[in-house]
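predicted model, plus sequence, below.
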Amino acid sequence: MQGLDPGIPLATVTAGWQEREPDDAELASLLGGRTVNLNLYGRWLDVQEQDPEFAEAELEHRTFLEELRLLYLVQLESAIASIDLLTKRKADRRSAIEAALTDARAVVRLIDDRHAARVRAAREEFVGAYHPSGRSKIAEHRAAVRHALEQAGALIVAGGHVGVLLRALRLFDVQASIPDIIIAWSAGAMALTEKVVLFHDRTPQGRSPAEIYDEGLGVIRDLVLLPHARRRLRVDDPLRMSVIAQRFSPATCVVLDDGTRLDLESDGSLPTGARVVSDDGLIVTRDGA
């Protein structure tokens, strides 16, 4: 935390830890004991208790979003499987296979785009119907969060459950008062991007396709972050990695392995040496080495 006034508090978000949100003693110690936890998950629980109409509506909204997600995954798995099959064909002319692959990739991107648009539309409809900013308990918490952020020298966003984290960040309008300095990791970093992508090739059920989960806050632009990539992805499979890179282009897929630190430039661009996924599925440094 060099360069920050040691007398200025640091605002922390541990909402992704859910019930463990208050268990931040180790984090506070690492940050010199000058943290103020925004308590977003606790605030969300308070809203659930004090505003039952909103709580019921939000539960219905989340149920609908999960239904959208499950249907999206059915479409996505089928479309990704067609790419896998086409890449394994050998007897056909290469030009014909490439043409078919181009069409298959376009289908996947269409499915991604349509799902993202449906999620956005559902969220906008919910906000338009229930006006969170106009509800007294939410407005009360938003004012407290805004005041804490205005006094903070930096915002620290921990990981955890990215859906819970995003919901809390949005509900209490954290984006409106974010300090100039932000430190985030894992799901916390993902929540700051424009497009939150979930991925896991090593589940007990086998690998599953990377999926667009939701839009993030958009503080970090033109990047798709892949935390713990080597533990969660088969990075030694260029074909699979190339599908991920090409799906989310022109955004750059950035590999954030355990222990990796990435300091974005002042304009939000990647620093030299950042590890990214190339279009051919290889992990390379930004300078091409």
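Yep, it's here.

which parts of the stretch 51-200 of the chain are helices?
Remark: helices assigned in the stretch 51-200 of the chain by DSSP state H, counting those that start in this stretch are 52-87, 94-130, 136-151, 162-171, 187-190.

what's the closest of these to residue 241?
When the helices of the stretch 51-200 of the chain are compared by Cβ to Cβ, helix 52-87 sits nearest residue 241, at 12.7 Å. All C-beta atoms are positioned from the backbone trio N, CA, C, and that covers glycine.

could you give me the buried positions within the closest one?
54, 58, 61, 65, 69, 72, 75-76, 79-80, 82-83, 86 (16 or more other Cβ atoms under 10 Å).

which residues touch stretch 33-42?
6-15, 17-19, 21-22, 24, 27-28, 145, 148-149, 151-152, 156, 164, 168-169, 171-172, 174 (Cβ atoms under 8 Å, 6 or more residues apart in numbering).

now the two most distant members of the buried residues of helix 52-87.
So, these by Cβ to Cβ: farthest apart are 54 and 86, at 47.4 Å.

redo the buried residues of helix 52-87 as a markdown table? Include distance to residue 188.
Shown next, in a markdown table, are those (distance: Cβ to Cβ, whole Å):
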| residue | distance to residue 188 |
| --- | --- |
| 54 | 25 |
| 58 | 22 |
| 61 | 23 |
| 65 | 21 |
| 69 | 21 |
| 72 | 24 |
| 75 | 29 |
| 76 | 25 |
| 79 | 30 |
| 80 | 28 |
| 82 | 35 |
| 83 | 31 |
| 86 | 37 |
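
as CSV, the helices of the stretch 51-200 of the chain with distance to residue 216 and mean pLDDT would be great.
Shown next, in CSV, are these (distance: least, Cβ to Cβ, whole Å; pLDDT from 0 to 100):
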stretch, distance to residue 216, mean pLDDT
helix 52-87, 15, 95
helix 94-130, 11, 95
helix 136-151, 18, 97
helix 162-171, 7, 97
helix 187-190, 7, 96
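
mind putting the ones you listed into a markdown table with distance to residue 32?
Below are these laid out as a markdown table (distance: least, Cβ to Cβ, whole Å):
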| stretch | distance to residue 32 |
| --- | --- |
| helix 52-87 | 36 |
| helix 94-130 | 37 |
| helix 136-151 | 16 |
| helix 162-171 | 24 |
| helix 187-190 | 19 |
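
out of the ones you listed, which is closest to residue 234?
Of all these, helix 52-87 comes closest under Cβ to Cβ, at 12.7 Å.

angle of that closest one against helix 136-151?
70 degrees (axes from the mean of the first three to the mean of the last three Cα atoms, to 10 degrees).

got the angle for helix 52-87 vs helix 162-171?
Going by the same axes, to 10 degrees, helix 52-87 makes 130 degrees with helix 162-171.

and helix 52-87, what does it pack onto?
helix 40-50, helix 94-130, strand 208-215, helix 238-248 (3 or more Cβ pairs under 8 Å, 6 or more residues apart in numbering; DSSP states H and E).

please identify the buried residues of stretch 92-106?
97, 100, 101, 104, 105.

contacts for it, please.
Contacts for stretch 92-106 (Cβ under 8 Å, 6+ apart): 79, 82, 83, 86, 87, 89, 243, 246, 247.

do stretch 112-122 as well
With contact meaning Cβ under 8 Å, 6+ apart, stretch 112-122 is reached by 61, 64, 65, 68, 69, 72, 76, 195, 212, 214, 215, 247.

that's all I had, so thanks and see you.
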